[in-house]
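In: 3D model of this:
(one chain, ligands or ions: 1)
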Amino acid sequence: MVVKVYGPHCASTKRVLVCLVEKEIEFEVVPVDVTKGEHKNPEYLKLQPFGVVPVIQDGDYTLYESRAIMRYYAEKYRSEGVELLGRTAEERGVVEQWLEVEAHNFNPPAYDLAVHVLFGPLLGITPDPKVAEESEAKLVKVLDVYEKRLSKSKYLGGDFFSLADISHLPFTDYIVNKMNKGYLIKDRKHVSDWWDDISSRPSWKKVIELYPPPI
Ligand SMILES: N[C@@H](CCC(=O)N[C@@H](CS(=O)(=O)O)C(=O)NCC(=O)O)C(=O)O
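Out: Just a heads-up that it's a prediction; the model follows:
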């Protein structure tokens, strides 16, 4: 059974798609046009009651929350494709730590910045420059911590590429390539080297080429 991934053009969905490509798992996509509110229609809400993308259907197994979906496939297909969870419990712990850091420290300001600089109007949200400014200030503090971590470790989880790195790809791409705020990444040497490394992976290049963002 080929897994169906809903909402491929959106940022959070790209975490899932990159994970599937790295694990060499076959998938098909189901477009969901968030600019037309397709993620809020009754049929979609039956799959994802919070009305956001992504959600996956793998036979009669349905799952939402991009990071949970990544963990599921990284675990289920551990012996296939690239190892994305670390090789020991200790390595797994550090990968999980940086997945949580991404979800709770990086993503909230990065998402708010994207909404108030880039795609808010597509979602019916009026951009607020003050929120954008506050979000950028929060990101500066977060990225200073990343700079210290990446001065000691090639990747966030350790000396290996992992889910923790994948999780950062979509919104860091927005920061660097869509919001004209690349200085947030490029002005930090180790963060910049890390970004250059992970964004040059064939899996990311394939996903961003096949499913460009709606803006
Ligand atoms: N925690 C969720 C967040 C999903 C999410 O916010 N998706 C956005 C798209 S994107 O910002 O990730 O590109 C969405 O559906 N937004 C539509 C809306 O908020 O109405 C996950 O990681 O899956």
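In: distance check, the nearest residue to residue 12 once chain neighbours are set aside against the ligand.
Out: For residue 12, ignoring the flanking residues on the chain, the nearest one in space by C-beta to C-beta, 6 or more residues apart in numbering is residue 66 at 4.3 Å. C-beta coordinates here come from the backbone N, C-alpha and C atoms, glycine included. Residue 66 is 4 Å from the ligand, where distance means C-beta to the nearest ligand atom, to the nearest Å.
In: I'd assumed residue 20 was in contact with residue 66.
Out: No - contact criterion C-beta atoms under 8 Å: residue 66 and residue 20 do not qualify, at 11.5 Å.
In: about what we covered before: residues contacting the residue nearest to residue 12?
Out: With contact set as C-beta atoms under 8 Å, 6 or more residues apart in numbering, residue 66 has these partners: 12, 13, 15, 16, 54, 167.
In: any chance of those residues in TSV, plus pLDDT and neighbour count?
Out: Shown next, in TSV, are the contacts of residue 66 (pLDDT from 0 to 100; neighbours: other C-beta atoms under 10 Å):
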residue	pLDDT	neighbour count
12	97	20
13	98	25
15	98	23
16	98	31
54	98	27
167	98	27
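In: ok, so of those residues, who is nearest residue 88?
Out: residue 167 (20.3 Å; C-beta to C-beta).
In: could you look up the SS state of the closest one?
Out: Here residue 167 is recorded as helix under DSSP: H, G, I helix; E, B strand; the rest coil.
In: Serialize the contacts of residue 66 to CSV and add fields for secondary structure and distance to residue 95.
Out: Listed next are the contacts of residue 66 as CSV, based on DSSP: H, G, I helix; E, B strand; the rest coil; distance: C-beta to C-beta, whole Å:
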residue, secondary structure, distance to residue 95
12, helix, 19
13, helix, 21
15, helix, 14
16, helix, 17
54, coil, 21
167, helix, 10
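In: also within reach of the ligand: list those from those.
Out: Restricting these to those within reach of the ligand (C-beta under 6 Å from any ligand atom) leaves 12, 54.
In: which of the contacts of residue 66 lies closest to residue 127?
Out: Nearest to residue 127 among the contacts of residue 66 is residue 12, at 20.2 Å by C-beta to C-beta.
In: from residue 139, how far off is residue 1?
Out: According to C-beta to C-beta, to the nearest Å, residue 1 stands 40 Å off from residue 139.
In: who has more neighbours out of the two?
Out: residue 139 (23 against 9; other C-beta atoms under 10 Å).
In: surely that one meets residue 109?
Out: Yes - counting by C-beta under 8 Å, residue 139 touches residue 109, with 4.7 Å between them.
In: identify the contacts common to these two.
Out: Between them, residue 139 and residue 109 share no contacting residue, judged by C-beta under 8 Å, 6+ apart.
In: and residue 172, how far is that from residue 48?
Out: When residue 172 is compared with residue 48 (using C-beta to C-beta), they lie 24 Å apart.
In: these two: which is more packed in?
Out: Per other C-beta under 10 Å, whichever of residue 172 and residue 48 has more neighbours is residue 172, with 24 against 20.
In: wait, what's in contact with that one?
Out: Contacts of residue 172 (C-beta under 8 Å, 6+ apart): 110, 185, 195, 199.
In: ok, so of those residues, who is nearest the ligand?
Out: The closest of the contacts of residue 172 to the ligand turns out to be residue 110 (C-beta to the nearest ligand atom; 9.8 Å).
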